[in-house]
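Chemist: could you work out the structure for the sequence below:
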Amino acid sequence: MSASLLRRGLELLEAPGRRKAPPGLQQRRDGPRAAGAARRRKAAPEPRRNKATVKGRVVKSAIEEYHKKKAVNHLRANLQYMLKGRFVANKTITEQVLAQNRGRKSKDQPPKKAAKKKPEGTVFTEEDFRKFEREYFGRP
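Modeler: Numbers count the residues shown, from 1 in each chain. The predicted structure follows:
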C-alpha cells in the first residue's frame, strides 16, 4: 500500500471534530512505522473491549457459585425412597450377598456369634425345696 493511499484512508477515517494541520506543519509518515501509527490513531477514539475476557462471558456472583457447589444432604429423600419400596429381600439371600462381597482377610470377617444358651431350668421343684427345708432345719 502506498503512502498516499494510506493518507487518504486516514483522512476518511478521521474523526469529524479534529482539525487538520496546515500542510507545511504536517509530518511525513513515509517511514516503516507509518502503518502502525495509523492503526493506533484509528483505534484510539472508540472504546476498546477487554480482550483478556472470553466473548459473551458474564461475571458470576461468588455467593451464587458457593451455593451451587455447597454439599446437599440427600438423607431424607434417600430414606423416603428406600422405605417406599415394598419388596424386602429374604434374610438368607442378603446373608449370601454379604458373604460374597466380604473379603478373605480376617479384618473383613464379622465377629463369630456365640450360640445363645438357654436358661437352664432347675431339676428340683418347690415341693422338693420345702421337703429339704423340713429335713435340714427341722421345721414341720
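Chemist: could you export the lowest-mean-pLDDT helix or strand in the chain as CSV, CA atoms only?
Modeler: For the chain, counting by mean pLDDT, DSSP states H and E, helix 34-43 ranks last in confidence among helices and strands (a mean of 72). The C-alpha coordinates for helix 34-43 follow below in CSV (Å, rounded to 0.1, in the frame of the first residue of the first chain):
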residue,chain,number,x,y,z
ALA,A,34,3.6,4.7,9.4
ALA,A,35,1.1,1.8,9.3
GLY,A,36,1.5,1.1,13.0
ALA,A,37,0.9,4.7,13.9
ALA,A,38,-2.1,4.9,11.6
ARG,A,39,-3.6,1.8,13.3
ARG,A,40,-3.1,3.3,16.7
ARG,A,41,-4.7,6.6,15.7
LYS,A,42,-7.6,4.8,14.1
ALA,A,43,-8.4,2.6,17.2
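Chemist: now the helix or strand encompassing residue 66: mean pLDDT?
Modeler: Using DSSP states H and E, residue 66 sits in helix 62-69. Helix 62-69 shows an average pLDDT of 89 in the prediction.
Chemist: any idea which helix or strand comes after it?
Modeler: Counting by DSSP H and E, what follows helix 62-69 is helix 75-84.
Chemist: centre-most residue in the chain?
Modeler: residue 69 (5.2 Å; C-alpha atoms, centre = their mean).
Chemist: OK, contacts around that one?
Modeler: If a contact means C-beta atoms under 8 Å, 6 or more residues apart in numbering, then residue 69 has no contacts. Where C-beta positions appear, they are placed from N, C-alpha and C, glycine not excepted.
Chemist: could you check how far residue 78 is from residue 87?
Modeler: Separation of residue 78 from residue 87 (C-beta to C-beta, to the nearest Å) stands at 17 Å.
Chemist: of the two, which one has the most company?
Modeler: residue 78 (10 against 4; other C-beta atoms under 10 Å).
Chemist: sweet, I'm off.
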